[in-house]
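Chemist: Structure of the sequence below:
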Amino acid sequence: MESNAESDSLVELFLRHLKIDRGASTNTIASYARDLRQFLAQSETSLSARTEDDIETFLSALKSKNLESTSIARKISALRQFYRFLGREGVIGEDPTLFIATPVTPKRLPKALREEDLTALLQTADQGLPYEGTRAGALRLRDRTMIYLLYATGLRVSELISVQTQKLDTESGLLRVTGKRNKERIIPFPPFVSELLHRYRNEARPLLNPDSDTFFVGLTGAPLTRNAFWKTLGKIALQAGIPGLHPHRIRHTFATDLLSRGMNLRVLQSLLGHADLQTTGVYTHVAPEHLREVVRRYHPRGKKE
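Modeler: Numbering: from 1, shown residues only. Below you'll find the predicted structure:
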């Protein structure tokens, strides 16, 4: 029992490090906490005393349950970061994850919406859901504004629901958001979205009695939650004939559309808030014809003699 208490303390110390020093998201911290506690439950041996064999045994048990390679890879990442942290803190002398191999995970290409599906989604958002009551119009305008802003900027849902009123400039068409690892970036948006944002802020938001500076709020005036937006988007998408629409597909659609129309990959990286260009590079598989044309046009040997 003493070793488990020690292990719990080490896990909590690591999670605080992720939050404070690394600026990790709430979802990442929660996932790593589950992974480490699952590994902790494997035996009563302290985490600081476990070996490479203990980790291999843990991974073999996961594989025997036919767990997806992506989930196993994430658990290995959690263990690897945890033990590297313990090494830096001087808790352990040897990293037991040093020779643990990460399983090969299938590369999943972003799946963008077809143009007709996107059109149907936006048209359905224009009509809105059948809300009732005196604030029905305000709610419909809020939903419409959020969906249009999502497609116009490629925001993550967590960023969308956290938009702050004072960081939104509808006149200049600029939005300042805080993304992963607490990094701020400025994103421009087109005039048609600026008009929607202006209308929502002046006509709809005051009717919802907001109790904070968070831009998008619910009926009680509190900031709209991730789940509430997901449900709203799901209902609108279902009416548009796109059942099971994940919000991230709209982000993929934003990126794919811009890249296929000639946007520089570095600029797209900045707009999406990717720390690594390789992450943005996955979209090069989505628009190969455009990229081939770019190479032909700009490479010094791209044109036929």
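Chemist: Give the full set of residues in contact with Ala275.
Modeler: By C-beta atoms under 8 Å, 6 or more residues apart in numbering, the contact set of Ala275 is 180-181, 183. (Glycine included, C-beta is placed from N, CA and C.)
Chemist: Of the residues you listed, which is the most crowded?
Modeler: Highest neighbour count within these: Lys180, with 15 neighbours (other C-beta atoms under 10 Å).
Chemist: number of nearby residues for Ala24?
Modeler: 20.
Chemist: of the contacts of Ala275, closest to Leu245?
Modeler: Nearest to Leu245 out of the contacts of Ala275 is Lys180 (C-beta to C-beta; 22.7 Å).
Chemist: Let me see the confidence value for that closest one.
Modeler: pLDDT for Lys180: 80.
Chemist: which element is Val104 on?
Modeler: Following DSSP states H and E, there is no helix or strand that holds Val104.
Chemist: ok, it touching Ser69?
Modeler: Yes - between Val104 and Ser69 there is a contact under C-beta atoms under 8 Å: 6.9 Å.
Chemist: who's more crowded, the two?
Modeler: Between Val104 and Ser69, Ser69 has the larger neighbour count (other C-beta under 10 Å), namely 13 against 8.
Chemist: Now do the same contact list for Asp211.
Modeler: 217, 220-222 are the contacts of Asp211 under C-beta under 8 Å, 6+ apart.
Chemist: So it: helix, strand or coil?
Modeler: coil (DSSP: H, G, I helix; E, B strand; the rest coil).
Chemist: Check Lys111 too.
Modeler: Lys111 - assigned by three-state DSSP - is coil.
Chemist: Report the contact partners of it.
Modeler: Neighbours of Lys111 in contact, by C-beta under 8 Å, 6+ apart: 249, 252.
Chemist: Run through the protein and note the low-pLDDT ranges.
Modeler: Residue ranges of the chain with pLDDT under 70: 1-3, 105-110, 284-305.
Chemist: where do the helices sit along it?
Modeler: Here the chain has its helices, by DSSP state H, at 2-20, 26-40, 52-64, 69-88, 115-127, 136-153, 157-160, 191-199, 226-239, 247-260, 265-272, 277-281, 288-298.
Chemist: Out of the ones you listed, the one nearest Ser172 is which?
Modeler: When the helices of the chain are ranked by proximity to Ser172 (C-beta to C-beta), helix 191-199 comes first, at 8.8 Å.
Chemist: which of the residues in that closest one are buried?
Modeler: Under the neighbour-count criterion of 16 or more other C-beta atoms under 10 Å, helix 191-199 has 193-194, 196-197 buried.
Chemist: Could you measure from Thr28 over to Tyr283?
Modeler: According to C-beta to C-beta, to the nearest Å, Thr28 and Tyr283 sit 23 Å apart.
Chemist: that older thread, looking at the contacts of Asp211, which two lie furthest apart in space?
Modeler: Applying C-beta to C-beta across these, the maximum distance is between Val217 and Thr220, 7.9 Å.
Chemist: Give the residue from those two that has the larger number of neighbours.
Modeler: Taking other C-beta under 10 Å, Val217 and Thr220 do not tie; Val217 has more neighbours (20 against 10).
Chemist: That one pairs with what?
Modeler: For Val217, the beta-bridge partners under DSSP bridges are Pro223.
Chemist: My guess is Phe216 contacts Pro223. True?
Modeler: Yes - counting by C-beta under 8 Å, Pro223 is a contact partner of Phe216 at 7.1 Å.
Chemist: overlap in contacts of these two?
Modeler: Ile161.
Chemist: ok, and the closest non-adjacent residue to Gly241?
Modeler: Ala120 (5.9 Å; C-beta to C-beta, 6 or more residues apart in numbering).
Chemist: ok, the one you found to Ala240 distance?
Modeler: The separation that Ala120 has from Ala240, given C-beta to C-beta, amounts to 4 Å.
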